[in-house]
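S.K.: just to be clear, the model below is a prediction. Sequence and coordinates:
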Amino acid sequence: MRVDRMYFQKFEEQIKQDGFAVEKAATGDLESIIKYIEEKVFDKPEEFFNLEKLRKSIRVDRRVSLREIVEVIFGLKPYFMTKDELLDEEFEKFDSRYLPDEKHSTPPVISSKPTFSTLNFVPVSTKAISPTSWAATPPVNSSAI
């Protein structure tokens, strides 16, 4: 929604116009900017900015930290990465660090990254059954959904 996006833009403008935050960003001291925002900007009567409202206005599929918000505001990151992008990045880091030898390399190691999201079952809703029958309830096949 446009109103939500405008909320983040107002916050971004306020931080970029703040002399203390700009000065600390130029020196690379993000921790002091975060502390300053928590103490001096959040929950003040003008706009009542807080982290939860900012997270809603950003609309990313994960919980964004205040540090990431500050990094995006000051251009240290181009945008907020999604869960999948973060997973790809972490897998690439892992893969580059622990690259197996040619003779030990197997296709399952290479294709293991997306397995958590491509499992062929989805658990049954916990509201539909009683807690005592959870152990006896089989998983639902994703093709049935």
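M.R.: Cool, got the structure. Numbering: from 1, shown residues only.
S.K.: tell me the contacts of residue 20?
M.R.: Neighbouring residues of residue 20 by Cβ atoms under 8 Å, 6 or more residues apart in numbering: 33, 36. (Each C-beta comes from the backbone N, C-alpha and C, glycine too.)
S.K.: err, residue 66, not the other one
M.R.: Counting by Cβ under 8 Å, 6+ apart, residue 66 makes contact with 34, 37-38, 51.
S.K.: scan those and report the most crowded one.
M.R.: When neighbours are counted by other Cβ atoms under 10 Å, residue 37 leads the contacts of residue 66 with 22 neighbours.
S.K.: distance of the closest residue to that residue other than its chain neighbours from residue 95?
M.R.: Among residues not flanking residue 37 along the chain, residue 66 sits closest, at 6.6 Å (Cβ to Cβ, 6 or more residues apart in numbering). Plainly put, residue 66 is 30 Å away from residue 95 if you go by Cβ to Cβ, to the nearest Å.
S.K.: ok, residue 38 next?
M.R.: Plainly put, residue 38 is 36 Å away from residue 95 if you go by Cβ to Cβ.
S.K.: what's the answer for residue 26, then?
M.R.: According to Cβ to Cβ, residue 26 and residue 95 sit 35 Å apart.
S.K.: so which of those two has more stuff around it?
M.R.: Neighbour tally, residue 26 and residue 95, criterion other Cβ under 10 Å: the higher count belongs to residue 95, 14 against 9.
S.K.: buried ones in the host helix or strand of that one?
M.R.: Assigned by DSSP states H and E, residue 95 falls within helix 83-97. Within helix 83-97, no residue is scored as buried using 16 or more other Cβ atoms under 10 Å.
S.K.: that helix - contacts with which helices or strands?
M.R.: Helices and strands in packing contact with helix 83-97 are not found; criterion 3 or more Cβ pairs under 8 Å, 6 or more residues apart in numbering; DSSP states H and E.
S.K.: one more pass at 10 Å, please.
M.R.: Under the contact criterion of 3 or more Cβ pairs under 10 Å, 6 or more residues apart in numbering; DSSP states H and E, helix 83-97 touches helix 107-110.
S.K.: what domains does the record give for this structure?
M.R.: Taking automatic domain parsing as the reference, the chain has its domains at 2-73, 83-119.
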